[in-house]
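Asker: starting from these lines, generate the structure:
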Amino acid sequence: MCENEHCPPSGRGRLLIRRNGLSEIVQIDNVCTLESAMGGLESFPAVPKSHTTLYVPSVAELYNGDETSVSSSKKACTSPVDFAWLEVESECDMFIDKVLSFFPIHPSTREDITDRENATEFVKIFSSCGYVWVNVAVKGATLALTESGQVNPVMVSMVAFERFLLTVIRRPHSCSEDGKAHMELILRTPTSHDSPVSTAVCSLIGTYVKEYQKELLSLLVDIDSVNELVLEIQPCRGDQVDLLRRIDDLRHTLSCLQASFSAKERVVKQLLLPVMRHMFVTSDPGVVSRYQRLLTVLLFSIERLRKGRDVLNMSSMTLVSGVSMRLLQRCYRLDYLNNILTRMTLVTMPMCIIPGIFTMNVRVPFERSEGYGAFLSVLIVTVLFFLLGMIHIAHVYFTFKSPGALIPPSFS
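Answerer: Here you go, the predicted structure:
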């Protein structure tokens, strides 16, 4: 229900009518304009007024060797068929239910459309009511972002009668203007004389898929960028955490996009079933060929997403290998320092013998010497021994380089 159960139903919509070859567009901004538009539709013969039985062929009729569809048994129309399309956009359940009450729609369909938790893409045939219900998801508008920065999809419910199409959405989506432009073009195009509803449904689904295609291209570019960035990561914890977060975000986006493409692939396959080809939804051979091309595009996109997932997995493995190599380099540095300390010990231990001789309770040379010559001689010999022993060790120690990127910058 609405946020306030006592608030008046609000919403907007758009009504496109083709009557006797002439197109008419009606904007719906409130309940008054809705009732006025619905009053005009009552006199329009293309809009169903009551339940009509939809012919559904049996299995024997589908596989008896007759490959012809409904469209092949009809003669090509030279004059445009009357057609109407009503699009309703509202977050208020009262407004949506009021719109659905004007048409002969099954109660279960009305309940599912008004259900906010409905997020499944499917195609259902209601033969007793004379319509086909197509439920698809479309990318939401960028204004409606979640806390994680993702755009929630918007469910579009299309109730298709033979010459009337009703679409219900709750929030604005990213390709609403493109869909409206395609629908206006269909109303003015003579190629949609025979089956305007099937052409309209196919055009809307194709528009939704193209919108996801844009996200696919940008996602693949980001995946390639992360794959190149792994080789240039610096040995600091901040860079590694940032890269892991990027890989996790890309993996989540890729999974959502692949699930959306798979759901639309299932919808297109359902629309290409033999039973659908014998009905008005996919009766036009041109629409069937468009669905086949769309299915090819979806399969190709899913394959590209699978390759993108492999690239992300390879990036994760490269990052793990790089971190392991960093640990090995750290271990090598500790071993290197131990080696330096061992060399220094080998140099300083003999030096401790010389002053130790003079501290022993024994008679030593130059004991009765009155000057500092003997002391300075011993001191100079000790310092020279220390310097000669430490020159090579200091050179090796100060020429050690800390690890940089996994590959040199010249190769990146």
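Asker: and Gly371, how many residues sit next to it?
Answerer: 8 (other Cβ atoms under 10 Å). (Glycine included, C-beta is placed from N, CA and C.)
Asker: which residues are in contact with it?
Answerer: By Cβ atoms under 8 Å, 6 or more residues apart in numbering, the contact list for Gly371 is empty.
Asker: now do the SS call for it.
Answerer: Per DSSP: H, G, I helix; E, B strand; the rest coil, the local secondary structure of Gly371 is coil.
Asker: kindly report the same for Val56.
Answerer: Put simply, Val56 is coil when judged by three-state DSSP.
Asker: likewise for Trp85?
Answerer: When classified by three-state DSSP, Trp85 comes out as strand.
Asker: Asp239 against Val230, yeah?
Answerer: No - look at Asp239 against Val230 with Cβ atoms under 8 Å: they stay out of range, at 10.2 Å.
Asker: which of the two has more neighbours?
Answerer: Val230 (20 against 13).
Asker: buried set for the helix or strand hosting Ile247?
Answerer: Using DSSP states H and E, Ile247 maps to helix 237-271. Along helix 237-271, these residues count as buried under the neighbour rule (16 or more other Cβ atoms under 10 Å): 240, 243, 246-247, 250-251, 253-254, 257-258, 260-261, 263-265, 267-268, 270-271.
Asker: got it, and stretch 100-114?
Answerer: 100, 102-106, 109-110, 112-114.
Asker: which other helices and strands does the helix holding Ile247 contact?
Answerer: Judged by 3 or more Cβ pairs under 8 Å, 6 or more residues apart in numbering; DSSP states H and E, helix 237-271 is in contact with strand 122-126, strand 131-138, helix 196-230, helix 285-358.
Asker: starting at the chain centroid, how far to that helix?
Answerer: Offset of helix 237-271 from its chain centre (Cα atoms, centre = their mean, to the nearest Å): 5 Å.
Asker: send me the helix or strand following that helix as PDB with only the CA atoms.
Answerer: Per DSSP H and E, the first helix or strand lying C-terminal to helix 237-271 is helix 274-277. Extracted in PDB, the C-alpha atoms of helix 274-277 (Å, rounded to 0.1, in the frame of the first residue of the first chain):
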ATOM      1  CA  PRO A 274       5.700 -22.900 -30.700                       C
ATOM      2  CA  VAL A 275       2.600 -22.100 -28.600                       C
ATOM      3  CA  MET A 276       3.500 -18.400 -28.700                       C
ATOM      4  CA  ARG A 277       4.100 -18.400 -32.500                       C
END
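Asker: coming back round to it: the helix holding Ile247 - what's its average pLDDT?
Answerer: What helix 237-271 shows for mean pLDDT is 89.
Asker: and what of stretch 131-144?
Answerer: 82.
Asker: equivalent analysis for stretch 305-319, please.
Answerer: Across stretch 305-319, the average pLDDT comes to 90.
Asker: in it, what counts as buried?
Answerer: 305, 308-309, 311-312, 315-316, 319.
Asker: next one: stretch 44-56
Answerer: For stretch 44-56, by 16+ other Cβ under 10 Å, it's 46-48, 54.
Asker: dump those to JSON lines, plus pLDDT and secondary structure.
Answerer: Below are those laid out as JSON lines (pLDDT from 0 to 100; DSSP: H, G, I helix; E, B strand; the rest coil):
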{"residue": "Ala46", "pLDDT": "81", "secondary structure": "coil"}
{"residue": "Val47", "pLDDT": "85", "secondary structure": "coil"}
{"residue": "Pro48", "pLDDT": "86", "secondary structure": "coil"}
{"residue": "Leu54", "pLDDT": "80", "secondary structure": "coil"}
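Asker: quick check, nearest of those residues to Ser377?
Answerer: Leu54 (116.9 Å; Cβ to Cβ).
Asker: thinking the closest one is in contact with Trp133, fair?
Answerer: No - counting by Cβ under 8 Å, Trp133 is not a contact partner of Leu54; they are 11.7 Å apart.
Asker: list residues touching both of those two?
Answerer: Counting by Cβ under 8 Å, 6+ apart, the residues touching both Leu54 and Trp133 are 125-126.
Asker: where does the chain dip in pLDDT?
Answerer: 1-9, 60, 63-79, 142-151, 190-193, 234-237, 358, 361-364, 366-367, 402-412 (pLDDT under 70).
Asker: show me what the strand or helix carrying Ser36 is in contact with.
Answerer: Using DSSP H and E, Ser36 falls within helix 31-42. Helix 31-42 has contacts (Cβ under 8 Å, 6+ apart) with 8-11, 13, 15, 17, 26-28, 47, 49, 84, 86, 95, 98-99, 102.
Asker: tell me which of the residues you listed fall in helices.
Answerer: In helices, judged by DSSP state H, the following of the contacts of helix 31-42 are found: 95, 98-99.
Asker: now the residues you listed as CSV including neighbour count and distance to Val347?
Answerer: Formatted as CSV, these follow (neighbours: other Cβ atoms under 10 Å; distance: Cβ to Cβ, whole Å):
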residue, neighbour count, distance to Val347
Phe95, 24, 90
Lys98, 18, 95
Val99, 24, 93
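Asker: same list (those) but as CSV, adding distance to Thr120.
Answerer: Listed next are the ones in helices among the contacts of helix 31-42 as CSV, based on distance: Cβ to Cβ, whole Å:
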residue, distance to Thr120
Phe95, 23
Lys98, 24
Val99, 21
